[in-house]
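Student: mind folding the following:
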Amino acid sequence: MSWDEVVIVVDLRCANAHRFEGWFASSETFAQQREQQMVTCPICGSHEVQRQPSAPHVARSAAPAAPVAPADPASILAKLVEVLQDQGIASEDVGERFVEEARKIHYGDAEERAIRGQASLTDALGLLEEGISVLPLPPAKEHLH
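Tutor: Here you go, the predicted model:
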């Protein structure tokens, strides 16, 4: 077996309960070598070796693929702003009545719908304390200069 081949990594245990691993070209190769008593425990030399349950490991001679570089944080933020702005367009602008409308929707006094509007930090925190989810959004595209 050359190092240019794919190999499997097998967890093994000998009759004396020593655990070790072996590298083989295939499961068949392991079985053949075990039958020929070519697999021995590195601790005690026992040929009575059993394969143990394990997660599959495949070693390859080729270098692992280079990790994918993370996306540019600025481009991620720009995409997030775009999505949030689009969400703002798809919601009803209730303006300064935002806090009142959010409570009405939450408590079932108004139809459920997506709304946007203005709220002070204190009012927004009050809504959150009541279990009403709010999220600050950037202005919709049509409201930008």
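
Student: sheet-wise, list the partners of the biggest strand by length in the chain with their directions.
Tutor: Longest strand in the chain by number of residues, with DSSP state E as the criterion: strand 7-14. Take DSSP bridges as the rule and strand 7-14 pairs in its sheet with strand 19-24 (antiparallel), strand 49-51 (antiparallel), strand 57-59 (antiparallel).

Student: how about those strands in CSV, adding distance to residue 96, mean pLDDT and mean neighbour count?
Tutor: From N, CA and C alone the C-beta is placed, and that goes for glycine too. Output for those, formatted as CSV (distance: least, CB to CB, whole Å; pLDDT from 0 to 100; neighbours: other CB atoms under 10 Å):
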stretch, distance to residue 96, mean pLDDT, mean neighbour count
strand 19-24, 68, 88, 15
strand 49-51, 71, 91, 16
strand 57-59, 62, 55, 10
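
Student: for those strands, which one sits closest to residue 113?
Tutor: Ranking these by proximity to residue 113 (CB to CB) places strand 57-59 first, at 52.4 Å.

Student: domain map for this protein?
Tutor: In the domain annotation for the chain, the residue ranges read 7-59, 73-143 (automatic domain parsing).

Student: and the helix or strand where residue 125 lies, which residues are buried?
Tutor: Assigned by DSSP states H and E, residue 125 belongs to helix 121-129. Within helix 121-129, the residues scored as buried using 16 or more other CB atoms under 10 Å are 124, 127.

Student: so for residue 67, which of the domains of the chain sits nearest?
Tutor: domain 73-143 (16.8 Å).

Student: thank you kindly, that will do.
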